[in-house]
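Engineer: The following comprises the amino acid sequence and a computationally predicted model.
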Amino acid sequence: PQPLVIPRSAAEEQRLRLERLMRNPEKTVPIPEKLNEWAPRPPPEFVRDVMGSSAGAGSGEFHVYRHLRRREYQRQDFMDAMAEKQRLDEEFQKKLERNKMIAEEQTAKRRRKRQKLKEKKLQAKKNKLEQKKQEK
């Protein structure tokens, strides 16, 4: 029996969970799968019960119309949300590329600076050796 330990922080709770998992490493750990996003049903290929615009529609037709309208609005909202998500993903990828290019430019600039200093040091060393040779 393990003593009862009440975690005081999220980190401590995570540590306790990891310790419990590591007590028996051979035991399989359930890893939850990613939930699929909700997507509306695709519109039917062929609509059999087409609503007419006649004034003699029964009272029950309104509920059918309301349901179809709600489903269509839901589908449009989903498409708008997906387009927005795609736009944000593209913006994020562009931002990542831009940041990567800036970082590469900075790295190249610093590399050139280090190379210059290295060459300066080598040149100074050569000059020093030449001066010693001339003195001898």
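Structural biologist: Ah, there it is. Numbering: from 1, shown residues only.
Engineer: Name the helix or strand for Ile102, please.
Structural biologist: Per DSSP states H and E, Ile102 falls inside helix 61-135.
Engineer: Ok, Ser59 next?
Structural biologist: Ser59 belongs to no helix or strand, assigned by DSSP H and E.
Engineer: ditto for Arg48
Structural biologist: With DSSP H and E as the criterion, Arg48 is inside neither a helix nor a strand.
Engineer: Let me know the distance separating it from Pro40.
Structural biologist: Here Arg48 is placed at a distance of 20 Å from Pro40 (Cβ to Cβ, to the nearest Å). The way it works is simple: take the backbone N, C-alpha and C, and place the C-beta from them, glycine included.
Engineer: Who has more neighbours out of these two?
Structural biologist: The residue with more neighbours, out of Arg48 and Pro40, is Pro40; 13 against 5, by other Cβ atoms under 10 Å.
Engineer: In contact with the more buried one, which residues are there?
Structural biologist: The neighbours of Pro40, taking Cβ atoms under 8 Å, 6 or more residues apart in numbering as the test, are Arg71, Gln74, Arg75, Phe78.
Engineer: Can you give me the pLDDT of it?
Structural biologist: Note on Pro40: pLDDT of 89.
Engineer: for Glu72, same thing?
Structural biologist: On the pLDDT scale, Glu72 is placed at 90.
Engineer: do the one 10 residues further on as well
Structural biologist: Predicted confidence (pLDDT) for Met82: 94.
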